[in-house]
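# mind looking at a prediction? Sequence and model below.
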Amino acid sequence: MSDCVYETRACVKESQSYHAAVDGLKMETTEVVGDKSVLQLLTKLEEGTQTIANLRSILTLKTAELNELIAQLELTNQAISNVESTTTQIETMLKDLGLSESQARETLLLNAEASLDSAIKSASNLYATEYRYQRRPSIASTSSLSIDQDRRERQPIRLASKIRYKPDPKRILRQLNDLLRDLELDTGKFFESMGATALDDIQLLQKTYVDLDLAKTIALSAKSNLKRRTILLRSNGRRRNNSEEIKLLGTKIREGVAMWKTYTRNAPMLVNGKDVLETLDNEDELMAKNSVEKDIAYTILIGKYPYDEDQSVDSFQWFYEQPDFAL
């Protein structure tokens, strides 16, 4: 009986050792499976974090692009408004300063058309978009990139945006200098009248350029009228009916100078270095003096030559052909 009991106890001990080994193996297997699951979850979490970072960077980029587009639309709208205003003012000026001679009117229209074309090109150059966005890779291709790499890619775009919103005024200043030289205006005095801070104000410089471009068109019309008036003054001794046209041209020139001063900060209009208004005053004074001399000569000739009393004074063209008549 003792032997049988001993063997039974041995079997019990062997069964317990077996179960303990099985339980240890199960625990080890569970730990391995748990570690793999944790690693997979960590990998997924890292991918999710990277995806969120990429989406945020794309959102930031698209926001910057949208802001850039809004700014470009505002500038385009401003350029369109300036061109429309220029067109309206040129049309009004052409109606007010139109000439009676068809050839002179055609020349004035061509000059106005050229000036308007110049204004449109100037607006296009001023508001042209030189900024270009770099093409961004897709989300799938950027999922494996790090956050630092994505930041390095976005860095040039941020720099370009800063440059876009703070343009260099040197280009528009060079254009203003050339335009002031063409208009025979003192560059130093003109910029001094604008103020010290105006040289850094891009919008003010752009508006000034458009105003000066309008002044250039007005100056072309006034100079054309002045040239025509000078020709009529020289031939006034042979044609008495030129007086009314001379006075009309003088009135139009003075109106043009008044419009000119509204765009040039009250700067005088110069032709070959001489003030146009002073030239007009001198010509008017000379014309008045000649008119007095003509009246004296007319009185003398009436007593010397026979004439028909039924004729009007304006019909005495033959007086100007008499050998004794001279101005």
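Arrived safely.

# how about the helices in this structure?
2-96, 102-126, 139-142, 147-165, 170-182, 187-194, 202-234, 242-263, 276-304 (DSSP state H).

# what pLDDT, on average, does the fifth one get?
By that I understand helix 170-182. Helix 170-182 carries an average pLDDT of 88.

# can you give the contact residues for it?
122, 126, 186-187, 190, 199, 202, 205-206, 208-209, 212-213, 216 (CB atoms under 8 Å, 6 or more residues apart in numbering). C-beta here means a position set from N, CA and C on the backbone, and glycine is covered the same way.

# are any of those residues buried, and which?
When the contacts of helix 170-182 are checked for burial by 16 or more other CB atoms under 10 Å, the buried set is 122, 126, 190, 199, 205, 206, 208, 209, 212, 213, 216.

# want to throw those residues into TSV with distance to residue 242 and pLDDT?
What follows is the buried ones among the contacts of helix 170-182, written out as TSV (distance: CB to CB, whole Å; pLDDT from 0 to 100):
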residue	distance to residue 242	pLDDT
122	39	60
126	45	54
190	37	90
199	48	80
205	44	87
206	44	84
208	39	88
209	39	87
212	34	89
213	34	86
216	29	88
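
# residue 61: which of the residues you listed is nearest?
Using CB to CB, residue 126 comes nearest to residue 61 of those, at 27.0 Å.

# residue 228 touches residue 249, doesn't it?
Yes - the criterion here is CB atoms under 8 Å, and residue 228 meets it with residue 249 at 6.1 Å.

# so for those two, which sits in the more crowded spot?
residue 249 (25 against 20; other CB atoms under 10 Å).

# give the contact list for that one.
Counting by CB under 8 Å, 6+ apart, residue 249 has contacts 99, 225, 226, 228, 229, 232.

# still on that earlier bit, need the contacts of helix 170-182 in CSV (columns: distance to residue 172).
Below are the contacts of helix 170-182 laid out as CSV (distance: CB to CB, whole Å):
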residue, distance to residue 172
122, 10
126, 7
186, 19
187, 14
190, 14
199, 10
202, 7
205, 5
206, 6
208, 9
209, 6
212, 11
213, 12
216, 16
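
# coming back round to it: and the contacts of residue 249, which of them are buried?
99, 225, 226, 228, 229.

# next one: residue 227 relative to residue 276, how far apart?
11 Å (CB to CB, to the nearest Å).
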